[in-house]
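Peer 1: Requesting a structural model of the entry that follows:
(chains A and B)
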Amino acid sequence: MRETAYWTWFIIAAIVILIFAGLHMVVMHLSMLGVFNPEGGAVTNWGNVAFRSQNQFLAFTYIILLGAALYHGLYGLRTIVFELGPKKSFQDTFTVLLWIVGLVLFAIGTYAAIAAKSLELAL
Amino acid sequence: MEKGTNITVFIRRFDPEKDPAPRQQQYTLHVERGMTVLDGLHMIKQTQDPSVGFRFSCRMGVCGSCGMMINGVPGLSCNTQILDVATTALTLAPLPNFNLIRDLVPDLVPMFGVIKGLQPYIQRNDVEEMENPTMEYFQTPHQLEEYLQFSYCIKCGSCMAACPTMATDKEYLGPAPLTQAYRYNTDSRDDAGDARRDLVAASHGIFNCHYAGECSNVCPKGVDPARAIQLMKKDLVLRYFGLGKHKCAHLCKKPDRSTYKPKIEAAPFTIGQ
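Peer 2: Below you'll find the model as predicted:
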């Protein structure tokens, strides 16, 4: 059951990445849409960057994308390492280690996404 | 004018008990239309080199003994015609991903062990009826269709040899055992699906399949192990979300003998009569 759960969420994470990374690409490369780039011009213009950083919807999507990408990538790494045929004890330890690494990176990334709101002060 | 043509046959030779390393031995073989690879091997063994090791039994693609790499592709030597796969040169090697007994003979016993571990037989909750059957269980043509093609597997090991996951993960269950697990899980007469699902969903189990699909490409019996594996993954995921398929009770129920009227009367020596 545990492996079924891991794999199921691995596939769900892939779908989430497809949707949210797609949204990220649209926001960053189709600046003519204007919704997330109100200042116009390049998406890297200060006004556009500051607007996106304080947008709660985008912060939410980046946190979800971060979680999905971390889970998907770390599960893939786990599969590759397990195919090398390590012992069961190593597999269990490695799984716990990946959970810890993933959660720490997720916490750091989430903090970064939320802290970016402080750019609002610069406006 | 003499019919047929001469081709060069390269056979990989290796006896783990004697040889330090595998070597390739070359033979010239006169081939005629209709000659199978197994016929060619017999010809070589009878006329050129009696020491060539290969395994065979039925000679008609049923027993699965003579699986080998034929020009780099796994297949049965008894149902592969030489002129269909070679015009000038034919290369024969043992199936990879198996231990080697000698020359072209792989050790299939570990694969049989894994298949056996997945309980490839009908198991019923009504043990008494299973041990001492009184009559047959009903099964609709549709229920038969669900597993029929997977029951054609002859355990030749071709799919195991073609599987890239088998090449990298020595503990991976493999396409042939997983297909057999699916075949019995799908059988409407079977009640042991949960036990098999636990076994295939373990580490190095079904979720290690990367869906290369080569197992289905090389199967000499037209079985589609990749499909069985993907369908079983789907079944496991649906069950994880509580959406699993449940058997239709009235189709699996043992028929009431008092109302059972077979179209053809059973022979007097039938079990239970």
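
Peer 1: And for whatever residue of the stretch 51-200 of chain B ends up closest to chain A, the neighbour number?
Peer 2: Of all residues in the stretch 51-200 of chain B, the one sitting closest to chain A is residue B:169 (4.1 Å; CB to the nearest CB). Where C-beta positions appear, they are placed from N, C-alpha and C, glycine not excepted. Neighbour count for residue B:169, taken as other CB atoms under 10 Å in any protein chain shown: 20.

Peer 1: Now the element after the helix or strand of chain A with the lowest mean pLDDT, going C-ward?
Peer 2: Every helix and strand in chain A was compared by mean pLDDT, DSSP states H and E; the lowest is helix A:46-53, with a mean of 82. For helix A:46-53, the following helix or strand on the C-terminal side (DSSP states H and E) is helix A:56-83.

Peer 1: how far does the helix or strand following that next one sit from the chain's center?
Peer 2: Counting by DSSP H and E, the next helix or strand C-terminal to helix A:56-83 is helix A:88-115. Relative to the chain's own centre, helix A:88-115 is displaced by 13 Å; criterion: CA atoms, centre = their mean, to the nearest Å.

Peer 1: Packing partners of helix A:88-115?
Peer 2: helix A:56-83 (3 or more CB pairs under 8 Å, 6 or more residues apart in numbering or on different chains; DSSP states H and E).

Peer 1: quick revisit: compute the number of surrounding residues for the nearest residue to the residue of the stretch 51-200 of chain B closest to chain A once chain neighbours are set aside.
Peer 2: Leaving out its chain neighbours, the residue that sits closest to residue B:169 by CB to CB, 6 or more residues apart in numbering or on different chains is residue A:83, at 4.1 Å. When counting by other CB under 10 Å, one arrives at 18 neighbours for residue A:83.

Peer 1: and the gap between residue A:83 and residue B:195?
Peer 2: Distance of residue A:83 to residue B:195, given as CB to CB, to the nearest Å: 26 Å.

Peer 1: again with residue B:237
Peer 2: Distance from residue B:237 to residue B:195, counting by CB to CB: 19 Å.

Peer 1: which one of those two has more residues nearby?
Peer 2: A side-by-side neighbour count of residue B:237 and residue B:195, using other CB under 10 Å, places residue B:237 first with 18 against 12.

Peer 1: That one and residue A:6 touch, don't they?
Peer 2: No: at 11.4 Å, residue B:237 does not count as touching residue A:6 under the criterion of CB atoms under 8 Å.

Peer 1: that older thread, list the buried residues in the least confident helix or strand of chain A.
Peer 2: Using 16 or more other CB atoms under 10 Å in any protein chain shown as the burial criterion, the residues of helix A:46-53 that qualify are A:48-53.
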